[in-house]
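Trainee: coords please:
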Amino acid sequence: MRWVLFYMRAFIFALIVSTPVMAGDADDIENTIRSQFEAFQRDDFDQAFTYASPTIKGIFVSPDNFGRMVRQGYPMVWRPASYRFLGLQDGPDGFSQIVEITDQQGVTHYLRYAMINTPDGWQINGVEILRGNPLAV
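Mentor: Predicted coordinates:
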């Protein structure tokens, strides 16, 4: 019986703390990522840094450090030839937007953007390069 109560409490807690994506949130999440891509295209790392979450800002401290990391570690994000949004996922750590990016050499990459909703709107809380096509069966 204790286990049943434990699981019921855990389920109720999850319902209380989880925040569903509202209709406009999906568009806002895409706009945040799109705006950061546009800032990268202009080498405007000050602007691109504004779309990063407080956690990411704390790690990189300055737009210059952030820009250096993106140029070196995520060149496909810094200079994409094209990109498209594939789907929004709700997971245990929040919402993630899957993005397909084709780099300047024509290679396709799939990235998962971890998103958080802050008082300043949706912000990027991390980017993970996925192996293979996340939509493949």
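Trainee: Other residues contacting stretch 93-101?
Mentor: Residues outside stretch 93-101 that contact it (CB atoms under 8 Å, 6 or more residues apart in numbering) are 21, 25, 29-30, 33, 76-77, 80, 82-89, 108-116, 125, 130, 134. (Glycine included, C-beta is placed from N, CA and C.)
Trainee: Only the buried subset of those, as a ChimeraX command please.
Mentor: Buried subset of those, written as a ChimeraX selection, criterion 16 or more other CB atoms under 10 Å:
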select :21,25,29,30,33,76,77,80,83,86,88,109,110,111,112,113,114,115,116,125
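Trainee: What about the contacts of stretch 93-101, which are in strands?
Mentor: Members of the contacts of stretch 93-101 lying in strands (criterion: DSSP state E): 82-89, 108-116, 125, 130.
Trainee: which residues does the one residue sitting closest to the centre of the chain bridge with?
Mentor: Centroid check for the chain by CA atoms, centre = their mean gives Y113 as the closest residue, at 2.2 Å. When bridges are called by DSSP bridges, Y113 pairs up with Q97, V127.
Trainee: Identify the residues contacting it.
Mentor: I29, I33, S96, Q97, I98, V99, I124, G126, V127.
Trainee: One more pass at 6 Å, please.
Mentor: For Y113, the contact set (CB atoms under 6 Å, 6 or more residues apart in numbering) comprises I33, Q97, I124, V127.
Trainee: Let me know the closest of these to V61.
Mentor: Nearest to V61, judged by CB to CB, of the contacts of Y113 is I124 at 16.3 Å.
Trainee: Report how many residues lie close to the closest one.
Mentor: 20 (other CB atoms under 10 Å).
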